[in-house]
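Colleague: Next input, structure requested:
(one chain, ligands or ions: 4)
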Amino acid sequence: MVKANLSNLEPHKASAGFTLVELMIGIFIAALVSTAILSVYEAAGRIMQDQRYVADMQQNLRGSIYVMEQDIKAVGFDPDAAGLFGVLNIQRWTITDEKTNPEVDGNGSPSLTLASDWNQNGVLDSGLTPPERVTYRLFDEGDDDILDLVRDRDDPSDPTVGGRELVAEGIEAIAFAYAIDNGSGVLAATANNNLIWAVDTDNDGLLDAHLDSNDDGAIDAADDQNGDWIIDGLDGGVLNPPVPMSEIRMVRIWLLARAKQISKKYVNTDRTVIGGRIFPLDKDANGFNDAYKRRVLVRTVDCKNLGI
Ligand SMILES: [Ca+2]
Ligand SMILES: [Ca+2]
Ligand SMILES: [Ca+2]
Ligand SMILES: [Ca+2]
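Modeller: Ligands and ions are numbered 1, 2, ... in the order given. This next block holds a predicted model:
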């Protein structure tokens, strides 16, 4: 038995050096191949992860629009014609975190407060479900510098009254513009017959300018004709006299979503018009100049309970 084993080992001994070299070459090749495979996997993983971030963003945008659409379509439900319901506030407010209440702030972020008389008593009530008054605004949930869209119930200046619902995470900017009654039951239009999308540029609750300042039917960076990164009356689209919120008939919504994580080897040089502002707000930056992917969603919603 022993003898047989020894003789079996002989040929191996003779070629041991060759086997070692072979083994080393084999290990080297295997290492090369596995590195290549790993980098392919890593790239594939990165692409998949990026796709997941983009899909999440798009889901957040769609979900946000869906929720807002329900409230905007219903705004002004007022069977007693009490006149207390409709679009109640369109001011810019501070963006807050958990600990602070929002305050009216002309340099802040646009909000939209909507009211309907759900219990049909002709009075604007608090503490009901569904709430008779809701406000959409940006908020920094978790104080992590990633902005979120929330729906505040009841008092727009104090979300502790009726509570705050998180609608979507990662909404970096929001804007609204309004189609208005021209005073004779039809929507106001420009000289070129484009729909007027009105905004309140001085935060007094009256619509004083429209965003398509060059009247070409599109709202884009060309409407910032004086190059100050803001589209307002100085660019030509003044509404004089200013128009009260009671003339609002349609709402146009802009949402800018940002991916949850950066995408490796990606630089975002985009600029985008969100309502009356060009983002990023820093004019000198190379677009967003970071590695986050972004998506914009613009949607127009009819206020079915407000005339026309
Ligand atoms: Ca009521
Ligand atoms: Ca105004
Ligand atoms: Ca334009
Ligand atoms: Ca401007």
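
Colleague: Show me what from this structure comes close to ligand 1.
Modeller: Taking Cβ under 5 Å from the ion as the criterion, the chain approaches ligand 1 at residues 117, 119, 121, 123, 125. For the C-beta atoms, the positions are set from N, CA and C on the backbone; glycine is no exception.

Colleague: Just the ones in helices from those residues, please.
Modeller: Among the residues of the chain next to ligand 1, no member falls in helices (criterion: DSSP state H).

Colleague: ranking these by neighbours, who comes first?
Modeller: Neighbours here mean other Cβ atoms under 10 Å. Within those, the largest count is held by Asp117, at 20 neighbours.

Colleague: any idea how far Ala257 is from Met57?
Modeller: 4 Å (Cβ to Cβ, to the nearest Å).

Colleague: just Asp144 next, same as before
Modeller: 16 Å.

Colleague: More neighbours: which of the two?
Modeller: Set Asp144 next to Ala257 and count neighbours by other Cβ under 10 Å: Ala257 wins out with 27 against 10.

Colleague: Given whichever strand or helix holds that one, what are its sheet partners and their directions?
Modeller: Under the criterion DSSP states H and E, the helix or strand holding Ala257 is strand 248-258. As defined by DSSP bridges, the strand partners of strand 248-258 come to strand 171-180 (antiparallel), strand 294-302 (antiparallel).

Colleague: buried sites along the longest one?
Modeller: This points to strand 171-180. Neighbour-count burial for strand 171-180 flags 171-180 (criterion: 16 or more other Cβ atoms under 10 Å).

Colleague: Could you do stretch 276-293 as well?
Modeller: Buried-residue list, stretch 276-293, by 16+ other Cβ under 10 Å: 276-280, 288, 290, 292-293.

Colleague: How about the residues of this protein by ligand 2?
Modeller: 200, 202, 204, 206, 208.

Colleague: Could you tell me which of the residues you listed count as buried?
Modeller: 200, 206, 208.

Colleague: These in strands, which ones?
Modeller: Asp208 (DSSP state E).

Colleague: Rebuild the buried ones among the residues of the chain next to ligand 2 as TSV, extending it with distance to Ala82 and pLDDT.
Modeller: Below are those laid out as TSV (distance: Cβ to Cβ, whole Å; pLDDT from 0 to 100):
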residue	distance to Ala82	pLDDT
Asp200	24	98
Leu206	22	98
Asp208	27	98
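
Colleague: Just name the closest of the buried ones among the residues of the chain next to ligand 2 to ligand 4, please.
Modeller: Of all these, ligand 4 sits closest to Asp208, with 13.8 Å by Cβ to the ion.

Colleague: With Glu69 as the reference, measure out to the closest one.
Modeller: 26 Å.

Colleague: Check Asp145 too.
Modeller: Applying Cβ to Cβ to Asp145 and Glu69 gives a distance of 28 Å.

Colleague: Neighbour count for those two, which is higher?
Modeller: Between Asp145 and Glu69, counting by other Cβ under 10 Å, Glu69 is the more crowded of the two (16 against 7).

Colleague: Would you reformat the residues of the chain next to ligand 1 as CSV and include pLDDT and distance to Arg271?
Modeller: CSV is the format used below for these (pLDDT from 0 to 100; distance: Cβ to Cβ, whole Å):
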residue, pLDDT, distance to Arg271
Asp117, 97, 42
Asn119, 96, 46
Asn121, 96, 48
Val123, 96, 46
Asp125, 96, 44
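
Colleague: now, among the residues you listed, which is nearest to ligand 4?
Modeller: Of all the residues of the chain next to ligand 1, Asp117 has the smallest distance to ligand 4: 39.0 Å, by Cβ to the ion.

Colleague: quick one: pLDDT of Val21?
Modeller: The model reports Val21 with a pLDDT of 87.

Colleague: Ala43 too?
Modeller: 85.

Colleague: Over to His12?
Modeller: Looking at His12, the pLDDT reads 53.

Colleague: Of the strands paired with strand 248-258, which is nearest ligand 3?
Modeller: Closest approach to ligand 3 among the strands paired with strand 248-258 is made by strand 171-180 (12.2 Å; Cβ to the ion).

Colleague: any residue of the closest one up close to ligand 3?
Modeller: No: counting by Cβ under 5 Å from the ion, no contacts exist between strand 171-180 and ligand 3, the nearest distance being 12.2 Å.
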